[in-house]
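# Next input, structure requested:
(one chain, ligands or ions: 1)
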Amino acid sequence: MDRWSIMTGNAQAPCLTAPDGPDGAPSPVAIPTTAAPVAAVATALAADAIALPDQVGAVIPDTAIPGAAIPGTAAGESGGQAGAAPAALSLEHASIAYGRVPVLHGVHGVLHPGRTLALIGPNGAGKSTLIKAVLGLVPVVDGLITVLGRPPGAARREVAYVPQADTLDPDFPISVGQVVLMGRYRGIGWIRRPGRADRAAAQAALEAVGLAHRARDRFGTLSGGQRQRVLLARAIAAQPRLLLLDEPFNGVDVVSQDALLAALSTLTAAGTAVVVSTHDLALAQLISDEVCLLSGRQITFGPPAEALTAEPLRAAYGGAALEIDGRGVVVTRV
Ligand SMILES: Nc1ncnc2c1ncn2[C@@H]1O[C@H](COP(=O)(O)OP(=O)(O)OP(=O)(O)O)[C@@H](O)[C@H]1O
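The predicted structure follows:
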């Protein structure tokens, strides 16, 4: 049976196990196989040239919202202190709505620079919605979201976003190197040609994801997982302070996933905060410092050892979260 599990034999130090593993050995990562084939994109890469919000893997365009810090924000809540770097992301009892009715309620927690936050929850839980709210694309109708000390949207120059891969067009005629170089355009503008530093940053980003040797190849000739790595490289080249990844591991094999994880680790070590939405609970436990468990509302926000336990998982997944002899929790595929 295809499923994820988080075994919590020791509540203080949960370990990850794949109960269905071929040899019974612990397997740290279970990759969902629900990814749709990478589908048509032409627009996404083309749109990037005019800096539309849904662009791929690049720093989100600045909408010229003044970047003033929000007055009255509690320093402790948003992680801001006089003279200290602000939190990468501060969520204060935020509710988010597309129209009049909020689809996500009561999101509350702080992500600091260099830390990784996993957004977890079943289909329709609100993971993508939260990412869009952080980008300033969907309104916060109650509470507050602060990004790098500023309102969502005002910090776009320093925020990179990698959307779900299946929104991309693999047929767009552009090389791998050019895709990555697009990550630099926020800094250099669309008129000026990229300089040596931009090319070096793009090259380093491609190396970080292990695809420097494919720089001259057409983007569309890469596999889905390799394309995902290129898009991450593009985001890395932008040198963001906050990176938002919407289900980046869908359809990615173990080798590509390892390359992605290594690149992410380098980023966080350099101080970039990462938000990653995923259905892979084991992976979330492996890579995240904080977990935000959602199901139309926030179930819990905290370290994985606390957030990915039986009670909150049952609240999010209902009967799909099965406890096994008090030893751990299995969430069947959602
Ligand atoms: N553009 C939109 N307009 C109105 N409602 C929307 C829109 N996009 C999403 N929703 C609704 O918001 C809720 C949360 O959707 P969202 O895409 O954030 O979930 P998700 O956790 O990312 O799901 P999945 O795991 O399936 O990607 C759902 O009920 C969905 O129908």
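# Only C-alpha atoms from now on, for both contacts and neighbour counts.
OK.
# The ligand versus the residue nearest to A125 when sequence neighbours are not counted, what's the distance?
Sequence neighbours aside, S295 is the residue nearest to A125 in space, at 4.1 Å (criterion: Cα to Cα, 6 or more residues apart in numbering). S295 sits at a distance of 8 Å from the ligand (criterion: Cα to the nearest ligand atom, to the nearest Å).
# What separation is there between S295 and Q228?
Applying Cα to Cα, to the nearest Å, the value for S295 to Q228 is 27 Å.
# again, but for V180
Taking Cα to Cα, one finds V180 at 11 Å from Q228.
# now do A204
For A204, the distance to Q228 - Cα to Cα - is 16 Å.
# So for the two, which residue has more residues nearby?
Remark: of A204 and Q228, Q228 carries more neighbours, 29 against 17, as counted by other Cα atoms under 10 Å.
# so how far is the ligand from the more buried one?
Separation of Q228 from the ligand (Cα to the nearest ligand atom): 17 Å.
# shift numbering so it begins at 304
Taking 304 as the first residue, the last one we looked at is Q531.
# Now do the helix or strand encompassing that residue: everything it contacts.
Element membership for Q531, per DSSP states H and E: helix 527-540. The contact list for helix 527-540, computed with Cα atoms under 8 Å, 6 or more residues apart in numbering, reads 340-341, 359-362, 463-465, 468, 479, 482-487, 504-505, 507-509, 511-512, 514, 522-523, 546, 551, 554-556, 559-560, 562-563, 570.
# Alongside the ligand, which residues does the protein contribute?
Contacts of the chain with the ligand, taken as Cα under 6 Å from any ligand atom, map to Y401, V406, G424, P425, N426, G427, A428, G429, K430, S431, T432.
# 5 Å instead, please
N426, G427, A428, G429, K430, S431, T432 (Cα under 5 Å from any ligand atom).
# can I get those in CSV with neighbour count and secondary structure?
Converted to CSV, the residues of the chain next to the ligand look like this (neighbours: other Cα atoms under 10 Å; DSSP: H, G, I helix; E, B strand; the rest coil):
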residue, neighbour count, secondary structure
N426, 14, coil
G427, 13, coil
A428, 21, coil
G429, 24, coil
K430, 27, helix
S431, 21, helix
T432, 19, helix
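# Relative to T612, which of the residues you listed is nearest.
Minimum distance to T612 across those is 17.7 Å, recorded for A428 (Cα to Cα).
# is it true that that closest one touches G599?
Yes: because the distance of 4.9 Å satisfies Cα atoms under 8 Å, A428 is recorded as touching G599.
# In a strand, D445, correct?
Yes: under DSSP: H, G, I helix; E, B strand; the rest coil, D445 sits within a strand.
# Kindly tell me how buried it is, as a neighbour count.
Using other Cα under 10 Å, D445 has 15 other residues around it.
# Would you mind measuring from it to the ligand?
From D445 to the ligand the distance is 16 Å (Cα to the nearest ligand atom).
# With A390 instead?
A390 is 23 Å from the ligand, where distance means Cα to the nearest ligand atom.
# Tell me which stretches of the stretch 354-503 of the chain form helices.
Per DSSP state H, counting those that start in this stretch, the stretch 354-503 of the chain carries helices over the ranges 378-381, 430-438, 479-484, 488-491, 499-511.
# Turn the ones you listed into TSV, columns for mean pLDDT.
Formatted as TSV, the helices of the stretch 354-503 of the chain follow (pLDDT from 0 to 100):
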stretch	mean pLDDT
helix 378-381	39
helix 430-438	96
helix 479-484	91
helix 488-491	66
helix 499-511	90
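# quick one on the thing from earlier: what subset of the contacts of helix 527-540 is buried?
With burial judged by 16 or more other Cα atoms under 10 Å, the buried subset of these is 341, 359-362, 463-465, 468, 479, 482-487, 504-505, 507-509, 511-512, 514, 522-523, 546, 551, 554-555, 559-560, 562-563, 570.
# In strands only, show me those residues.
Those of those mapping onto strands are A463, Y464, V465, L546, per DSSP state E.
# how about the helices in the stretch 504-637 of the chain?
Going by DSSP H, counting those that start in this stretch, the stretch 504-637 of the chain shows helices at 527-540, 557-572, 584-590, 607-610, 613-620.
# Mean pLDDT added to these, as CSV?
Formatted as CSV, the helices of the stretch 504-637 of the chain follow (pLDDT from 0 to 100):
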stretch, mean pLDDT
helix 527-540, 88
helix 557-572, 88
helix 584-590, 89
helix 607-610, 92
helix 613-620, 89
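# which of those is buried the deepest?
Sort the helices of the stretch 504-637 of the chain by mean neighbour count, taking mean count of other Cα atoms under 10 Å, and helix 527-540 sits at the top with a mean of 28.
# what's the angle from that helix to helix 557-572?
Put simply, helix 527-540 runs at 10 degrees to helix 557-572, going by axes from the mean of the first three to the mean of the last three Cα atoms, to 10 degrees.
# in the chain, what secondary structure element scores lowest on mean pLDDT?
Taking mean pLDDT, DSSP states H and E as the measure, the helix or strand of the chain with the lowest value is helix 346-351, at a mean of 32.
# Give me the distance between I434 and P466.
In terms of Cα to Cα, I434 sits 10 Å off from P466.
# Noted, bye for now.
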